[in-house]
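K.L.:
Let's see this in three dimensions:
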Amino acid sequence: MAAIAERRAEQARLNKFERMKLEKDGLDVLPDIERYAELGDADQISADDAQRMKWFGLFVRKQTPGHMMMRLRAVGGRMNSAQWRLLAELSEQFGKGFCDLTTRQQIQMRWFTIGDVIEIWRRMLAVGLTTLQTGMDNVRGVCCCPVAGISRNELFDGSDAAAAFTDLVLGNKAFTNLPRKLNVTITGCRENCCHPETQDIGLVPAVAELDGQPTFGFNVLVGGKQGSGGMRLASSIDAFATPDEAAEICGHITLIFRDYGSREARNRARLAFLVEERGIDWLRDEVEQRLNRPLRPAGVDQRLPTHTDHLGIHPQKQPGLNYIGLCVPVGRITTEQMRAVADLADRYGNGEIRLTTGQNVVLPGIPDAKLAALQNEPILAELRPDPSPVMRGLVSCTGIDYCHMALIETKGWAIEVARRLEAELGDDLQRVAPMSIRWSGCSAGCGLHQAGTIGLQACRSRQAKGEIVDAAHVFVGGSSGSGATAGQELLNDVPCEELAKALLPVVKFLPRNG
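P.N.:
Numbering: from 1, shown residues only. Model (predicted):
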């Protein structure tokens, strides 16, 4: 560690965030948060501490002076009805009456003040919720299949490995000073439901022969990303990890990134750039040195060629039980809807609620005998298990209302354009191919627009008469799975008012290949 610190100190051009982290680790800001909370005045928060507070999931937002955002952590999006009821209660008492579901299977709550933080945390802790390390240069929430352990189509349940890796990094200062954020997906799902190809580390289902026996485990991918020059698909390091080995191998890759990743320009500091600079073979050799043993070669990839969103009603691998996936358009859910979902989870399921990377919810553990009554519940008219093909894969980042990087109000436009497309399609609506329409408010790509069938990157466009309007660049052809592709730009600077008509021929004539 001394050698690493010396190397960092010798770097001639540390960016301002690196200098800030050298002064104080993000985990050491807790006493300052408590002090600011007691003062109850957001203006007293220093610029550096505002960044460090992200280690505890607290975000000062330029768009909402005096008010904050809080991001919760849930491994693979797994929560329960008691936690959802509390978040609804907190959002009504301290927030804006809604929460946002994210593409990392997390929940964001908005509009509380610094003076509210300690009370919010106290009540969250009582039901097992945490906001730790959900921002800045940390391992972010670890994604996995939302129906892990219950899906008939999974190779195996990868959620234990995701939880083990989370346990390794949370509260561990060995992992709290990375050059940039690290996104990780660990999944045994064969249905490509959580886009591991876009991740810094992606573990995907595979089979390898160990001691003469076929063994389920993961192939290891690294270096996927959005933003900072566009989407890069993760590369294989030709390694197979058993579920018991997965957390350790992910840990070593993370520490290699910590030790060798760039700490100069932030836009060149993701793991993808280290992989491009040093090469896959170098990274694999580094992992082997730290493991003190050779890595096994990659197994046979078990991913299917199509994508599944887990919406609708599906039988579980457990006889007599089912899960239902409900569409939450663009991930914005009101407190009334949250309570209704919690009630469904208790009355019909096992009290569990799971989040998807498509900003939707899944309720597992529903007996066959309860399915008919469940389908008559009024909330299913708002959060549909059977949305239209246009609304079904609709995903959006936060947008300009709550993010200073966004250029337009993405969530509002996403819903509006989808509704106009539905109207334009008319009787053809139910005949169009399954698709995903993904919105990002800027080039950072938080909506994973290049991973969508149709991707929309927000911009502001000057029209012929000089008026500047909300607009979007249109990408097409993004996909996930073993043959993943990054969406390519088809149209540029299309005004949002004209998007529905511009997208109509694309949507209407998509090939029906899933």
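K.L.:
And the strands in the stretch 151-300 of the chain, which stretches?
P.N.:
Applying DSSP state E, counting those that start in this stretch to the stretch 151-300 of the chain gives strands spanning 184-186, 201-210, 213-222, 235-241, 300-301.
K.L.:
deepest of the ones you listed, which one?
P.N.:
Of all these, strand 184-186 has the most neighbours on average by mean count of other CB atoms under 10 Å, namely a mean of 29. All C-beta atoms are positioned from the backbone trio N, CA, C, and that covers glycine.
K.L.:
quick one: average pLDDT of it?
P.N.:
Averaging pLDDT along strand 184-186 yields 98.
K.L.:
contact partners of that strand?
P.N.:
139-140, 142-144, 158-159, 161-162, 165, 194-196, 199-203, 218, 246, 250 (CB atoms under 8 Å, 6 or more residues apart in numbering).
K.L.:
Over to the residue nearest to residue 405 when sequence neighbours are not counted: give its phi and psi.
P.N.:
Closest residue to residue 405 apart from its sequence neighbours, by CB to CB, 6 or more residues apart in numbering: residue 442 at 4.8 Å. Torsion angles at residue 442 (phi, psi; degrees, to the nearest 10) stand at phi -160, psi -180.
K.L.:
Spit out the contact partners of residue 442.
P.N.:
405-407, 457-458.
K.L.:
can you do 7 Å?
P.N.:
405-407, 458 (CB atoms under 7 Å, 6 or more residues apart in numbering).
K.L.:
Which of these scores worst on pLDDT?
P.N.:
Within the contacts of residue 442, lowest confidence goes to residue 405 (93).
K.L.:
what about that one, helix or strand, and which?
P.N.:
Here residue 405, judged by DSSP states H and E, is contained in no helix and no strand.
K.L.:
What is the neighbour count of the nearest residue to residue 57 once chain neighbours are set aside?
P.N.:
Distances taken as CB to CB, 6+ apart place residue 131 nearest to residue 57, at 2.7 Å, with adjacent residues excluded. By other CB atoms under 10 Å, the residues close to residue 131 number 23.
K.L.:
Residue 131 contacts residue 72, correct?
P.N.:
Yes - in this structure, residue 131 is within contact of residue 72 by CB atoms under 7 Å, at 5.5 Å.
K.L.:
Return every residue with contacts to both of these two.
P.N.:
Shared contacts of residue 131 and residue 72, counting by CB under 7 Å, 6+ apart, come down to residue 57.
K.L.:
do you know how far residue 500 is from residue 414?
P.N.:
According to CB to CB, to the nearest Å, residue 500 stands 11 Å off from residue 414.
K.L.:
More neighbours: which of those two?
P.N.:
Neighbours per residue, other CB under 10 Å: of residue 500 and residue 414, the larger number sits with residue 414, 28 against 20.
K.L.:
The more buried one: which element?
P.N.:
Short version, using DSSP H and E: residue 414 is in helix 410-425.
K.L.:
so what does that helix touch, helix or strand wise?
P.N.:
For helix 410-425, the packing partners by 3 or more CB pairs under 7 Å, 6 or more residues apart in numbering; DSSP states H and E come out as helix 389-392, strand 394-396, strand 437-440, helix 496-508.
K.L.:
Would you mark the buried spots in that helix?
P.N.:
410-415, 417-418, 420-422, 424-425 (16 or more other CB atoms under 10 Å).
K.L.:
Find me the pLDDT at the residue nearest to residue 405, would you?
P.N.:
pLDDT at residue 442 comes out at 95.
K.L.:
can you check residue 431 too?
P.N.:
89.
K.L.:
which other residues reach stretch 124-138?
P.N.:
26, 51, 54-57, 59, 70-73, 82-83, 86, 106, 139-141, 170-171, 176-181.
K.L.:
Okay, and which of those residues map to helices?
P.N.:
Mapping those onto helices (DSSP state H) picks out 51, 82-83, 86.
K.L.:
Just name the closest of those to residue 481, please.
P.N.:
residue 83 (31.9 Å; CB to CB).
K.L.:
how close does the closest residue to the closest one other than its chain neighbours get to residue 216?
P.N.:
Nearest-residue entry for residue 83: residue 127, 5.0 Å, with adjacent residues in sequence omitted and distances by CB to CB, 6+ apart. In this view, residue 127 and residue 216 are 33 Å apart by CB to CB.
K.L.:
One more: residue 287?
P.N.:
Where residue 216 is concerned, residue 287 sits at a distance of 21 Å (CB to CB).
K.L.:
Tell me where the chain is predicted with low confidence.
P.N.:
Flagging of the chain using pLDDT under 70 yields the residue ranges 1-12, 512-514.
K.L.:
For the spatially closest residue to residue 380 that is not a sequence neighbour, grab the count of nearby residues.
P.N.:
Excluding the flanking residues, the one nearest residue 380 by CB to CB, 6+ apart is residue 326, at 7.1 Å. Residue 326 has 24 neighbours, counted by other CB under 10 Å.
K.L.:
I'd say residue 326 and residue 382 touch.
P.N.:
No - using CB under 7 Å, residue 326 makes no contact with residue 382, being 9.0 Å away.
K.L.:
Could you pull up the contacting residues of the closest residue to residue 220 other than its chain neighbours?
P.N.:
Of all residues not flanking residue 220 in the chain, residue 239 sits nearest, at 4.4 Å (CB to CB, 6+ apart). Each residue near residue 239 by CB under 7 Å, 6+ apart is listed here: 220, 284, 295-296, 298.
K.L.:
Most neighbours among those residues, which one?
P.N.:
residue 220 (28 neighbours).
K.L.:
Against which helices or strands is the longest helix seen in the chain packed?
P.N.:
Ranked by residue count and defined by DSSP H, the top helix of the chain is helix 243-260. Other helices and strands packing on helix 243-260, by 3+ CB pairs under 7 Å, 6+ apart, are helix 159-169, strand 201-210, strand 213-222, helix 271-278, helix 280-291.
K.L.:
now the strands of the stretch 151-300 of the chain as CSV including distance to residue 152?
P.N.:
Output for those, formatted as CSV (distance: least, CB to CB, whole Å):
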stretch, distance to residue 152
strand 184-186, 20
strand 201-210, 14
strand 213-222, 15
strand 235-241, 24
strand 300-301, 20
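K.L.:
closest one to residue 318 among those strands?
P.N.:
Short answer: strand 213-222, nearest of the strands of the stretch 151-300 of the chain by CB to CB, at 18.8 Å.
K.L.:
ok, now how distant is the residue nearest the centre of the chain from residue 358?
P.N.:
Centroid check for the chain by CA atoms, centre = their mean gives residue 104 as the closest residue, at 1.8 Å. Using CB to CB, we find residue 104 at a distance of 11 Å from residue 358.
K.L.:
can you check residue 245 too?
P.N.:
Distance from residue 245 to residue 358, by CB to CB: 29 Å.
K.L.:
go on, residue 111?
P.N.:
Distance, residue 111 to residue 358, using CB to CB: 25 Å.
K.L.:
who has more neighbours, these two?
P.N.:
residue 358 (28 against 19).
K.L.:
Sticking with that one, tell me its helix or strand.
P.N.:
Under DSSP H and E, no helix or strand contains residue 358.
K.L.:
Can you report how many residues neighbour the closest residue to it other than its chain neighbours?
P.N.:
Spatial nearest neighbour of residue 358, excluding adjacent residues (CB to CB, 6+ apart): residue 309 at 5.2 Å. By the measure other CB under 10 Å, the count of residues near residue 309 is 21.
K.L.:
now do the one 3 residues further on
P.N.:
The number of residues packed around residue 312, counting by other CB under 10 Å, is 16.
K.L.:
can you pull the contacts of it?
P.N.:
Counted by CB under 7 Å, 6+ apart, residue 312 has contacts 325, 385-386.
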